[in-house]
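Engineer: 3D, please:
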Amino acid sequence: MSDIKQQIFQELTALEDAATRLRSTAVNAGRQTDLEVAILTEQVKNLRERNNRAAEMINKSISILKKLK
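Structural biologist: Sure thing, here's the model as predicted:
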């Protein structure tokens, strides 16, 4: 009987350890995702700014070409 109790306690301990590892993995994955989203958001912001500057330069170039025509 005590062997069965001991085995149950060992299995419960193993289950508790597995749950703790899973929680830790989930938390770390959430942090990683937050970091990735922040990086991607900054990259999109920079690309939009570059796109706006490029559009302005194209418009100026078109304006100059029209004047030269």
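Engineer: centre of the chain to stretch 20-28, how far?
Structural biologist: 17 Å (CA atoms, centre = their mean, to the nearest Å).
Engineer: cool, stretch 25-40 as well?
Structural biologist: That offset, for stretch 25-40, works out to 4 Å (CA atoms, centre = their mean).
Engineer: and what of stretch 59-69?
Structural biologist: On CA atoms, centre = their mean, the centre of stretch 59-69 falls 43 Å from the chain's centre.
Engineer: using CSV, write out every CA atom in it.
Structural biologist: This file holds the C-alpha atoms of stretch 59-69, laid out as CSV (Å, rounded to 0.1, in the frame of the first residue of the first chain):
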residue,chain,number,x,y,z
ASN,A,59,6.6,63.7,-57.3
LYS,A,60,9.4,66.3,-57.3
SER,A,61,11.1,64.5,-60.2
ILE,A,62,7.9,64.4,-62.2
SER,A,63,7.4,68.1,-61.5
ILE,A,64,10.9,68.9,-62.7
LEU,A,65,10.5,66.7,-65.8
LYS,A,66,7.2,68.5,-66.6
LYS,A,67,8.8,71.9,-66.3
LEU,A,68,11.7,70.8,-68.7
LYS,A,69,9.2,69.6,-71.2
